[in-house]
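S.K.: Okay, predicted coordinates and the sequence, questions at the end:
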Amino acid sequence: MVGRKEPSPGLLRRLDDMARAAFPATGTVLLMVLAAGPSGVPALVPAVTLPCVIFWSIFRPGAMPPPAVFLLGLLQDLLTLAALGTGVVTLLVAHGVAVAWRRFLVRQSFMFVWLAFCAFAVGTAALGWVLTALMAWNPPGIAPALHQAGLTAGLYPAFAFVLSRIHGVMRRAEETT
């Protein structure tokens, strides 16, 4: 009706909206904590974090804002016992680049997005290596950075499959309301 306000959404609707908005960051935190368990693979936490941050930054940037990425980077540094700030900077740079290229990447095929993600993985591993070298005044071995980039790039298809299904469910739920 003209001039008449719509009723405010109910409590369940608001809770559903908040849960949908918080899922990308909280789901990433949960995966990071699970990856930090006794797996024996130290590069697993960054290899789990980067696909989630890049995926949500491209396909749902409002749900992965820079403050959330900052906190995820800080948690990554704490869980991996890395020099504080390396995970923060690498994830914020990756997030910024992903958001900048978002309109282009959203329209591309999975293969192209995966290749772009491989570049993200190599770039963040290289940036992390450089930051660690600068903070320690001693360049670390390159093998761990290459291992991390390879592991991260290799895990992306599995993460993209699951996260795209979740994103589709979230989008359908938003369209019905």
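M.R.: All right, it came through fine.
S.K.: What are the buried residues along the lowest-mean-pLDDT helix or strand in the chain?
M.R.: Least confident element among the helices and strands of the chain, by mean pLDDT, DSSP states H and E: helix 11-35 (a mean of 87). When burial is assessed from 16 or more other C-beta atoms under 10 Å, helix 11-35 yields the following buried residues: 20, 23, 24, 25, 27, 28, 29, 31, 32, 35. Any C-beta I mention is one placed from the backbone N, CA and C, and that applies to glycine too.
S.K.: List just the nearest of those residues to residue 84.
M.R.: Of all the buried residues of helix 11-35, the one sitting nearest residue 84 is residue 32; the distance, using C-beta to C-beta, is 15.8 Å.
S.K.: C-alpha coordinates for the helix or strand following the least confident helix or strand of the chain, PDB please?
M.R.: Next helix or strand after helix 11-35 toward the C-terminus (DSSP states H and E): helix 44-59. Only the C-alpha atoms of helix 44-59 are listed here, as PDB (Å, rounded to 0.1, in the frame of the first residue of the first chain):
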ATOM      1  CA  LEU A  44      47.500 -26.400   6.700                       C
ATOM      2  CA  VAL A  45      46.100 -23.300   8.500                       C
ATOM      3  CA  PRO A  46      47.100 -20.800   5.800                       C
ATOM      4  CA  ALA A  47      46.100 -23.400   3.200                       C
ATOM      5  CA  VAL A  48      42.600 -23.400   4.600                       C
ATOM      6  CA  THR A  49      42.400 -19.700   5.300                       C
ATOM      7  CA  LEU A  50      43.300 -18.300   2.000                       C
ATOM      8  CA  PRO A  51      40.700 -20.200  -0.100                       C
ATOM      9  CA  CYS A  52      37.900 -19.100   2.200                       C
ATOM     10  CA  VAL A  53      39.000 -15.500   2.200                       C
ATOM     11  CA  ILE A  54      39.500 -15.300  -1.500                       C
ATOM     12  CA  PHE A  55      36.200 -17.200  -2.300                       C
ATOM     13  CA  TRP A  56      34.100 -15.000   0.000                       C
ATOM     14  CA  SER A  57      35.900 -11.800  -1.100                       C
ATOM     15  CA  ILE A  58      35.000 -12.600  -4.700                       C
ATOM     16  CA  PHE A  59      31.500 -14.000  -4.400                       C
END
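S.K.: sorry, back to before: which residues touch the least confident helix or strand of the chain?
M.R.: Under the contact criterion C-beta atoms under 8 Å, 6 or more residues apart in numbering, helix 11-35 has outside partners 9, 44-45, 47-49, 52-53, 56, 60, 62-64, 68, 71-72, 75-76, 79, 166, 170, 173-174, 177.
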